[in-house]
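>>> Provided below are the primary sequence and the corresponding predicted coordinates.
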There are 2 protein chains.
Amino acid sequence: MNRPRRPEETALSASIRDVARRAGVSLGTVSNVLNRPDQVGADSRERVLAAIAELRFVRNESARQLRAGTSRTLGLVVLDIANPFFTDVARGVEDVANDAGLAVILCNSDDRPTKESAYLDLLAEQRVQGVLITPTADLSTHLESLRRRGIPVVLVDRRATGPGQCSVAVDDVLGGRLAADHLIQRGHRRIAFVGGSSGLPQIQERYTGVVAAVREQWGAEESLTVFAPEVLTVATGREAAAQIIGMPAAVRPTAVICANDLLALGVLQEMTRHGVRVPDECSIVGYDDIDFAAAAAVPLTSVRKPRQEMGRRAAQLLLDEASDEHVHEQIVYEPVLVVRESSMARRSTARGERTA
Amino acid sequence: MNRPRRPEETALSASIRDVARRAGVSLGTVSNVLNRPDQVGADSRERVLAAIAELRFVRNESARQLRAGTSRTLGLVVLDIANPFFTDVARGVEDVANDAGLAVILCNSDDRPTKESAYLDLLAEQRVQGVLITPTADLSTHLESLRRRGIPVVLVDRRATGPGQCSVAVDDVLGGRLAADHLIQRGHRRIAFVGGSSGLPQIQERYTGVVAAVREQWGAEESLTVFAPEVLTVATGREAAAQIIGMPAAVRPTAVICANDLLALGVLQEMTRHGVRVPDECSIVGYDDIDFAAAAAVPLTSVRKPRQEMGRRAAQLLLDEASDEHVHEQIVYEPVLVVRESSMARRSTARGERTA
DNA sequence: GGTGTTCAGTGAAACGATTCAATGGCTGAT
DNA sequence: ATCAGCCATTGAATCGTTTCACTGAACACC
């Protein structure tokens, strides 16, 4: 094979052997300079470093990893890289990982099990130190097989089912309840829930919370309408809103709870486009409290999660799994409702069946 | 070392050798099944596949890479992972890379040269097939050394200086001009430019475009005020807006051109918070046209770039660098001004020195 | 002078895959 | 019967690093 290289590229990569020869020392000494510089005499160290610089030596990480048996990377698999919630989580992960000298391989499963499992295979082949993942709906069997192979896994934004694994999540039932309580308290009697059809438990729990609140305070749930778009994006949020707008005024919800902020922004856009006044004619509550929620056309009321902190904590747990006295932890953060204009309808308007 | 493993983890990783033994064939045959399955007899292939499944064999990518000399990854280094512009680019890159069977290592330099060079070192050690990068201001010498080492580099959202490299960029001078022309045409006579102080050429070119437009149409540039926050985020956008709001009404700009949409959103927020009506008292134009621009409190006029397409094209160029008849290309896309409400001031209000 | 202890430095033996020249068996042509 | 040609298969050599048992040299101590 050895496809011929263009002339200027000849000195492709010096190996540790070349460095040793150039510096007039042995292989082992070069390796020591690289890994335990203080155990090497000052003069040889100088010579080795000089040789490294002259030859532009760059350590071959594959070889290092093969021999040492341990990699310097960690995998992060998210559901939607375009959702700022996940990039915020990623920044948290990155902070901790970098401090520990690890690189993060960021993978975007797009909520598709096939993409997810392809990425997990890849991460396994790369022998990453561990995997942080917000899995698609059915906790893939791949996860279990990763763990069986000794690769630690920490779930992010998703509660572990058993005690045998770590997870960093948010009490989504509470989150859903907060959103619903808030709206009910402000007099809403017909509410829509815009969730997802992919069956993510996070989303289902948010719905559970909403239902619970509605049950307690209404005694019945006849006015809770549910929309389940394929994916949770701005575009599908718009579609859901179009449906809502199409409903006869007598049954049309006066408030919408969205399973995430992207949906909420979509709903808001479509309402605005059709002249439905938010929050006067329809209130909106989002979820995640991404930064853009506050900057929306009508600033969004949203359920706040500690996004970056979640990433940091998850990464710490993952690193901790390497230690022998590690015990699995299921962290659950309490979400907080941040009330903004999108749900501040004047009580008179929102209350009941349009007064008359 | 060989730190003792917990019992259930014993069968950590079967090697190709174990598979061979189990299947009763040689090493080479297993490798062939993995890499050229059609050159292997049907029955041995069956047996090997069975053994792979039973032993839960996962190829060790480090070993593969060490021997084969070629990796299956590519690096993408962006300035700000929290900026949706870059996640859109990343999706484009991912599309192309996945189709080619490559994984993407996504790195966030945070516009800090030290982080950037640390990541470049890491990518070099990983022997990635190539690097896509939006570099920090001073095209780091690291880039040149990567290229000298035979690792292809493609610049993203930044024009290559010489013909010796590929780049995918946007005509930012034109972009700046479009923004300024639009505002000038609408009667604005005092404009602010909110850029960045890090010296990114993309930003400087946008400024150049603005200045050119102003020169041509005004004959002088006395009313172009420049703000240069440290970084280009929503938060610094707010700060710039606070300064603008603090200016005496007689000299306060009636329109703001922002170097990206995050800044624009920040400016918009702060204006709204202080009761400055957008666009009536102050128009705003952003840059990049991220999805959230259209969803803003006042939908943002913005300079649109083909974000995902840029990522795709860049990745294609990178893959093409491997071929021998590759010629370096500098792609320049034409930006388009998307006019929305944030710059639709009623002409009477916007025009001139407040009529009276 | 012998003995013991440090300290630097050495180099062979892994790690787990891929590659490639060599081997052996078979088919069909001569 | 022989041989060329083909195919599936083999296994040793190799990639670039780390590790570790080992060698000398220098020094201190009795």
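That came through fine.
>>> give me phi/psi at whichever residue of the stretch 151-300 of chain A sits closest to DNA strand D?
As assessed by Cβ to the nearest atom of the strand, DNA strand D sits closest to A:Ile151 within the stretch 151-300 of chain A, at 19.6 Å. Heads up, the C-betas are built off the backbone N, CA and C, glycines and all. Backbone torsions of A:Ile151, given as degrees, to the nearest 10, read phi -90, psi 120.
>>> how many neighbours does it have?
Around A:Ile151 there are 23 other residues, counting by other Cβ atoms under 10 Å in any protein chain shown.
>>> how far off centre is stretch A:149-163?
Chain-centre distance of stretch A:149-163: 14 Å, with Cα atoms, centre = their mean, to the nearest Å.
>>> what of stretch A:249-258?
Using Cα atoms, centre = their mean, the mean C-alpha position of stretch A:249-258 is found 30 Å from that of the whole chain.
>>> just the element for the closest residue to DNA strand C within the stretch 51-200 of chain A, please.
In the stretch 51-200 of chain A, no residue comes nearer to DNA strand C than A:Arg67, which is 3.4 Å away by Cβ to the nearest atom of the strand. Element membership of A:Arg67, judged by DSSP states H and E, is helix A:61-68.
>>> how about A:Leu178?
A:Leu178 belongs to helix A:172-185 when assigned by DSSP H and E.
>>> same check on A:Gln202?
Here A:Gln202, judged by DSSP H and E, is contained in helix A:201-218.
>>> show me where the stretch 51-200 of chain A has helices.
Using DSSP state H, counting those that start in this stretch, the helices of the stretch 51-200 of chain A run over A:61-68, A:84-99, A:113-125, A:141-148, A:172-185.
>>> closest one to B:Phe86 among the ones you listed?
Of all these, helix A:84-99 sits nearest to B:Phe86, with 9.0 Å by Cβ to Cβ.
>>> rounded mean pLDDT for the closest one, please.
Averaging pLDDT along helix A:84-99 yields 96.
>>> again, but for stretch A:309-329
Averaged across stretch A:309-329, the pLDDT comes to 93.
>>> what of stretch A:264-275?
Stretch A:264-275 comes out at a mean pLDDT of 92.
>>> for stretch A:144-153, same thing?
On average, stretch A:144-153 scores 88.
>>> what about that stretch, distance to the chain center?
Computed by Cα atoms, centre = their mean, the chain-centroid distance of stretch A:144-153 equals 20 Å.
>>> what comes into contact with that stretch?
Applying Cβ atoms under 8 Å, 6 or more residues apart in numbering or on different chains, the contact partners of stretch A:144-153 are A:120, A:123-124, A:127-133, A:143, A:165-166, A:318, A:321-322, B:5, B:8-9, B:12-13, B:56, B:58.
>>> now do the buried residues in that stretch.
In terms of neighbour count (16 or more other Cβ atoms under 10 Å in any protein chain shown), stretch A:144-153 has its buried residues at A:146-147, A:149, A:151-153.
>>> roughly how far does the residue of the stretch 151-300 of chain A closest to DNA strand D sit from B:Leu34?
21 Å (Cβ to Cβ, to the nearest Å).
>>> let me see the contact set for the spatially most central residue of chain A.
By Cα atoms, centre = their mean, chain A has its centre lying nearest to A:Phe86, at 3.5 Å. Residues near A:Phe86 by Cβ under 8 Å, 6+ apart: A:78-80, A:134.
>>> likewise for A:Glu329?
Applying Cβ under 8 Å, 6+ apart to A:Glu329 gives the contacts A:166, A:317.
>>> residues near the closest residue in space to A:Met344 that isn't next to it in sequence, how many?
Leaving aside its sequence neighbours, A:Met344 sits nearest to A:Pro279 (Cβ to Cβ, 6 or more residues apart in numbering or on different chains; 5.6 Å). When neighbours are counted by other Cβ under 10 Å, A:Pro279 registers 24.
>>> verify the stated contact: A:Pro279 with A:Val298.
Yes - under the criterion of Cβ atoms under 8 Å, A:Pro279 is in contact with A:Val298, at a separation of 6.8 Å.
>>> any shared contact partners between these two?
With Cβ under 8 Å, 6+ apart as the test, A:Pro279 and A:Val298 both reach A:341-342.
>>> related to what we said a few turns ago, buried set for the helix holding A:Leu178?
A:172-184.
>>> what does chain A have sitting close to DNA strand C?
Counting by Cβ under 7 Å from any atom of the strand, the positions of chain A adjacent to DNA strand C are A:1, A:25-29, A:31-32, A:39-41, A:43-45, A:63, A:66-67, A:69.
>>> just the buried residues of these.
The buried subset of the residues of chain A next to DNA strand C - by 16+ other Cβ under 10 Å - is A:25, A:29, A:31-32, A:40, A:44-45, A:63, A:66.
>>> which members of the residues you listed occur in helices, if any?
Using DSSP state H, A:29, A:31-32, A:44-45, A:63, A:66 are the members of these that sit in helices.
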